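> What would the 3D arrangement of this be:
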Amino acid sequence: MSFFRKALETFGVVTTNDSSNDKSGQILDSEVGQDLIAFLATQRAGKTTHASGLLACIQYKASGSAKTDKKFRYYLDEGGGSILHQIGELRAGHFPPATTAGKRISVRPGFTLEWENPTLFGSRVTTRRQVKSKLLDLAGEDLVKIISQVSAARNFEQAAQIKIDDELIRTVNQATALFVIIKATRAEGLPISEPEPTNIPGMSSHSDANLAGMITAILTFKHNNHYSPRLKRFFVVVTACDELFPISEIIERQTGRPFNPLDPKISSDSLDSFVRAYFPSTHSTICSMQVKTRYFPSFFELERDSKNQPIPWTEGSKDWKIKRGNIFDTPDWENNVNRPKFSEYWFNQEIDALEDLAVSV
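Sure thing, here's the model as predicted:
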């Protein structure tokens, strides 16, 4: 290896040449520091749906970058999960089933994302950065139970003696970023408010109280266990955000600030004001940690009838049909065939935010 090439690789730069340009398997071979991402929410707040939408956009981004100089790759380790089926459900117009509290799942899906960009030396000399993550998609109520059982442990050996899924223990211990999923329609004080499910003993009827308690449990555990890395990021996702658009003027009057989650210039500030006003315990808990926080809107468009009412798959159910692209809407078939209508722009913003956690390989 030449001194020049060795120096480049020292700074995370990868050189390629025409005779050896096979990158197959490269994304699997790299060893990087692992960042674990936990999706945290209460029952039926949209964790599974949002995670499926995010991974669908990751797939779109990988396909779209194939013929560009800036490559984006992913590897999905589905394990014993069904995330590929859930992505397929979204594309077919179905919402994936909610994660059931108390349901034991031994293996969690994970993913690796990789960005490869050309340098000043051209496309034959590139930089590669990766982030490896776990998607812990379980009911937040179960997460609190797990934390309470391992909170007394001071090392992995002690924690392993507890009769809980080892993968869950490791994820709680090693999580460095939290996706806090907040369902917009559970905001109290607005005309759209819906109750929090309270079928689990010890859970509050107030979504804000439950979320704050879950986050506090994780922060307390990390504080009490020196081997557990601290959080680097909070990603706060407001699901069913489209339900807020018709009442944006009410929210503006109550918060005293402009509210438009779809405006990139004020989207994060708008949702920050929303969470601060209607989920004050959750907001203050996050802010107290002084960790970088980003807010993202999330929604899926529904098929509606002539009276603008959502259309269910079966009469009388609340299994709503997700609106999908129609080839007659636009000649751009790539953005319509087998593609749900959803907040795709903001999912891509989340992918960009994950790049901030990536390290050179």
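
> Can you list the residue ranges for helices in this protein?
Secondary structure of the chain by DSSP state H: the helices cover 3-10, 26-29, 47-64, 83-91, 140-150, 156-160, 166-174, 207-224, 248-255, 267-278, 280-288, 344-355.

> So what touches stretch 340-352?
By Cβ atoms under 8 Å, 6 or more residues apart in numbering, the residues outside stretch 340-352 that reach it are 53-54, 56-58, 60-61, 90-91, 93, 113, 235, 237, 241, 267, 296-301, 322-325. Quick note: C-beta positions are derived from backbone N, CA and C, even for glycine.

> just to revisit the earlier point, among the helices of the chain, single out whichever gets nearest to Glu196.
Closest to Glu196 of the helices of the chain, according to Cβ to Cβ: helix 207-224, at 4.4 Å.

> Also compute the angle for that closest one relative to helix 280-288, please.
Between helix 207-224 and helix 280-288, the angle comes out at 30 degrees (axes from the mean of the first three to the mean of the last three Cα atoms, to 10 degrees).

> What's the mean pLDDT across helix 207-224?
Mean pLDDT, computed over helix 207-224, is 83.

> Show me which residues of it are buried.
Buried residues in helix 207-224, counting neighbours by 16 or more other Cβ atoms under 10 Å, are found at 207-219, 221-222.

> Could you do stretch 50-60 as well?
Using 16+ other Cβ under 10 Å as the test for burial, stretch 50-60 gives 50-58, 60.

> In CSV, could you pull the C-alpha coordinates for it?
The C-alpha coordinates for stretch 50-60 follow below in CSV (Å, rounded to 0.1, in the frame of the first residue of the first chain):
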residue,chain,number,x,y,z
HIS,A,50,-43.3,5.2,11.4
ALA,A,51,-40.4,2.7,11.5
SER,A,52,-41.8,1.0,8.4
GLY,A,53,-42.1,4.3,6.6
LEU,A,54,-38.6,5.3,7.5
LEU,A,55,-37.2,2.0,6.2
ALA,A,56,-39.3,2.3,3.0
CYS,A,57,-37.7,5.7,2.4
ILE,A,58,-34.3,4.2,3.1
GLN,A,59,-35.0,1.7,0.3
TYR,A,60,-36.1,4.5,-2.1
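
> Pull the residues that contact that stretch.
Counting by Cβ under 8 Å, 6+ apart, 39, 74, 76, 83, 86-87, 89-91, 96, 111, 113, 135, 137, 179, 181, 237, 239, 298, 300, 339-340, 342-344, 347-348, 350-351 sit against stretch 50-60.

> One more pass at 6 Å, please.
39, 74, 86-87, 90, 96, 135, 137, 237, 239, 298, 342, 344, 347-348 (Cβ atoms under 6 Å, 6 or more residues apart in numbering).

> Pass me the low-pLDDT residue ranges in the stretch 101-250 of the chain, would you?
Applying pLDDT under 70 to the stretch 101-250 of the chain flags the ranges 101-109, 122-124, 135-173, 198-202.

> and with 50 instead?
Applying pLDDT under 50 to the stretch 101-250 of the chain flags residues 105-107, 150, 153-156, 159-160, 163.
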